[in-house]
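> Sharing a model prediction with you, sequence too.
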Amino acid sequence: MPNKTFFWFFLPTGLAMILFIGLPIISTGIQSFYAQHDQVVKEVKKCDPFGCTVSIVVDNEETSKIREAKPLGKFNGFGTYTDRNHLAVDEIKKFWNETESFGAFVDQVTNLPFYKALIFTLTYCLFVTPNVLLLGFIIALSLNAVARKIRGPLIFGTILPMIVTPLVGSLVLFWMIDSQGIIGANIQNLMNDPYLSLKSSKTLTWITIIIYGIWHHSPFAFVVFYAALQTVPQEPIEAAIIDGASRIQRIKHIVLPHIYPVVTFVALISLMDNFRVFEPIIGFSAEGSAQSLSWLIYDNLVNEEVILFGSAAATSMMTIIGIAILLAPVLIRTWKEFKTAR
Amino acid sequence: MDYGLDTKSTRLKTFNTIFIITWLLIACFPFIWTFWGSFKVRADFFSRSDWWYAISAFNTLIETGGQFTTNAYTQAWTEGEFWKASKNTIIVTVFVVSISLFLGTLGAYALSRSTEKYAFWILMAALIFRAMPHITLVSGYLFPFFELQIWGILPTTIVVLVAINQPFTLWLLYSFFKTVPKELDESALIDGCSYFQAFRHIIMPVMWPGVITAGLFSLMLAYNDFTVTALLLNQENHTMVPKIQSYLGTNQHEGNLMWAVSAVVSATAPLFMLVMFFQRQVISGLTAGAVKG
């Protein structure tokens, strides 16, 4: 296809992506260097028969004037990145000097909002991704063994958790697990502990969200693995059966190597999706004990007094860097393949 | 797979059946339970005293005089203005699907027929764009949209959702276009068609399965979106998913949980029917080459 034709065909979609994905990333980058204005304060002298007092009040008129003149806020450089709510450079230095043991230091650092969110996000990715791969593969193997006639409805049932939006999916589970729901109430009865509830324990909340993640993402892994299993050649398997290979050996030495490229693909996709975990935190109302990077951004953007554009943008930039680190191996590999192919 | 020679022991078969039934229960029971509970009153579905009330409908009988009640639905759809939210969802979904299919087919066709190096780089860029968490993009939109005073209205959200959807649509349609033999449009070009005519009259007619799949995924994205719609639309224009969240209530004001339950059922039912109808397309979309990427 000539370059000119290509250009006209690609222009609409290219423009949409540049305007609404490329530019916003740049806009986020710029915003992250600005912080919202401080409120202008003025001294007000108030006199009454008992004498005069000077009090400090917020000058709303002046504040809004400055805000209108410079809506982006004041220039802050890397100030937002290093402040307490993000990388917290000063606090970490302080903790390093003050705390006695390394454990106490780690304890202090992991209580800072950004590190807390980062640790939750990474833990979530680390536990959900491998389990999704495993469960998806087992479901695919086992559905593959049932009679072809009844597979259709079974597949439909299996993919339900995936097609609902994460908010709805987590709500539906939350309503059962909550202390007033069917599962939560029964667990309370079993454990004989009327105060046992999701919200009371951080570990329980984390486990619940991780279980939700596995429940929600496994169907995707299942669908891809199931399709890949249909393409596994029959002859080597039959040969292996004649040679007396056990079922496990057949899976390990024939099926798995055959679908290996698909496994990396699924792993990459679920890693990318898990890194942006956000809606389940709202669905499970788990803001108290589990915060992810995406949730931090959301929280800044729905702030009631002033929207913290700068703070949200700084967290966004660091999230994007995190994504870039996750994607880097794949991109490098693709680039090498592309270079050798040329 | 029927391996022919492969004979399964009864023990394995039983184990397999038990496993599948367990998994299906885990996957489907929450939805069935929510559907069941949406016809009860709050005191039953979220029972403090006894979860069995949700089945025996103890409080529903006292409050409404029947085993089942549709109060939650009628209230959410009228008082809760869920009708407005569903109207907005329909508008957003229809426009997002049609626009992104239009842009996506053109772009993906060009990518699949180009032999130049830049086509590869565009696909890589699309992959990176696909990986961006939507919330980071939203934090980039909010400020410019406030300044331009286009925040809160449906057209802005539609355009944003179309753009966010493009990388995935491009990859999906690209892999579908690749399966259409090049000779088909080349012969049309020799016969004197322009590229656009070849695309319009030769390629599109054989591409319907792929287009339907891509359309389904655009639909699911637009229908299910929470991040973009919750932050870019004002209260008045909220679609279904942010509306459900608003029923949950916050620390400041008590929400109306039963509204949320009935709204969840109302929002999920059409989606399930759609997937039931188009299951084959959904699965082919998820598996078409290196997709969802």
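Arrived safely.

> element containing B:F143?
helix B:134-148 (DSSP states H and E).

> Could you name the helices and strands sitting against that helix?
Packed against helix B:134-148 by the contact rule (3 or more Cβ pairs under 8 Å, 6 or more residues apart in numbering or on different chains; DSSP states H and E) you find helix A:23-31, helix A:293-301, helix A:309-341, helix B:154-178, helix B:227-232. Where C-beta positions appear, they are placed from N, C-alpha and C, glycine not excepted.

> These: lowest mean pLDDT?
Lowest mean pLDDT within the helices and strands packed on helix B:134-148: helix A:309-341, at a mean of 85.

> My read is that B:A214 contacts B:L101, right?
Yes - contact status for B:A214 versus B:L101: in contact at 6.2 Å, counting by Cβ atoms under 8 Å.

> Between those two, which is the more surrounded one?
Counted by other Cβ atoms under 10 Å in any protein chain shown, B:A214 and B:L101 do not tie: B:A214 has more neighbours, with 29 against 20.

> quick one, the helix or strand containing the more buried one and helix B:154-178 angle?
Element membership for B:A214, per DSSP H and E: helix B:208-224. Between helix B:208-224 and helix B:154-178, the angle comes out at 150 degrees (axes from the mean of the first three to the mean of the last three Cα atoms, to 10 degrees).

> what angle separates helix B:208-224 from helix B:134-148?
Using the same axes, to 10 degrees: helix B:208-224 against helix B:134-148 is 70 degrees.

> Report the buried residues of helix B:208-224.
For helix B:208-224, burial by neighbour count (16 or more other Cβ atoms under 10 Å in any protein chain shown) applies to B:210-211, B:213-224.

> so which of these comes closest to B:F196?
Relative to B:F196, the closest of the buried residues of helix B:208-224 is B:V211; by Cβ to Cβ it sits at 16.8 Å.

> what's the closest non-adjacent residue to the closest residue to chain A within the stretch 1-150 of chain B?
Residue nearest to chain A within the stretch 1-150 of chain B (Cβ to the nearest Cβ): B:G140, separated by 3.0 Å. Excluding the flanking residues, the one nearest B:G140 by Cβ to Cβ, 6 or more residues apart in numbering or on different chains is A:P24, at 3.0 Å.

> I'd say that neighbour and B:I135 touch.
No - at 11.2 Å, A:P24 does not count as touching B:I135 under the criterion of Cβ under 8 Å.

> how about B:C193, secondary structure?
Look at B:C193: counting by DSSP: H, G, I helix; E, B strand; the rest coil, its state is coil.

> What's the first helix or strand after the host helix or strand of B:A85?
Assigned by DSSP H and E, B:A85 belongs to helix B:82-113. Scanning forward in sequence from helix B:82-113 by DSSP H and E, the next helix or strand is helix B:117-131.

> Quick check: pLDDT value at the residue lying closest to B:W77 once chain neighbours are set aside.
Spatial nearest neighbour of B:W77, chain neighbours left out: B:W83 (5.3 Å); criterion: Cβ to Cβ, 6+ apart. Note for B:W83: predicted pLDDT of 92.

> Measure how buried B:W83 is and give me the count.
B:W83 - counted by other Cβ under 10 Å - has 12 other residues nearby.

> Check A:A35 too.
22.

> do the same with B:P155
The tally of other residues near B:P155 (other Cβ under 10 Å) stands at 11.

> And for A:F50?
6.

> quick one: the residue nearest to B:W77 and B:Q75 touch, right?
No - B:W83 is beyond contact range of B:Q75, at 11.8 Å (criterion: Cβ under 8 Å).

> Distance-wise, check the nearest residue to B:S284 once chain neighbours are set aside relative to chain A.
In this structure, B:S284 finds its nearest non-sequential neighbour in B:T213, 5.9 Å apart by Cβ to Cβ, 6+ apart. In this view, B:T213 and chain A are 13 Å apart by Cβ to the nearest Cβ, to the nearest Å.

> Contact partners for B:T213?
By Cβ atoms under 8 Å, 6 or more residues apart in numbering or on different chains, the contact list for B:T213 reads B:172, B:176, B:281-282, B:284-285, B:288.

> Average the pLDDT values over the helix holding B:A214 and round to the nearest integer.
88.

> For it, C-alpha coordinates in CSV please.
What follows is helix B:208-224, C-alpha atoms only, in CSV (Å, rounded to 0.1, in the frame of the first residue of the first chain):
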residue,chain,number,x,y,z
TRP,B,208,-18.4,-9.3,9.0
PRO,B,209,-17.5,-11.9,11.6
GLY,B,210,-14.4,-9.9,12.6
VAL,B,211,-16.4,-6.7,12.7
ILE,B,212,-19.0,-8.2,14.9
THR,B,213,-16.4,-9.5,17.3
ALA,B,214,-14.6,-6.1,17.4
GLY,B,215,-18.0,-4.4,17.9
LEU,B,216,-18.8,-6.7,20.8
PHE,B,217,-15.6,-5.8,22.6
SER,B,218,-16.1,-2.1,22.0
LEU,B,219,-19.6,-2.6,23.4
MET,B,220,-18.4,-4.3,26.5
LEU,B,221,-15.8,-1.6,27.1
ALA,B,222,-18.2,1.2,26.7
TYR,B,223,-21.0,-0.5,28.7
ASN,B,224,-18.7,-1.6,31.5
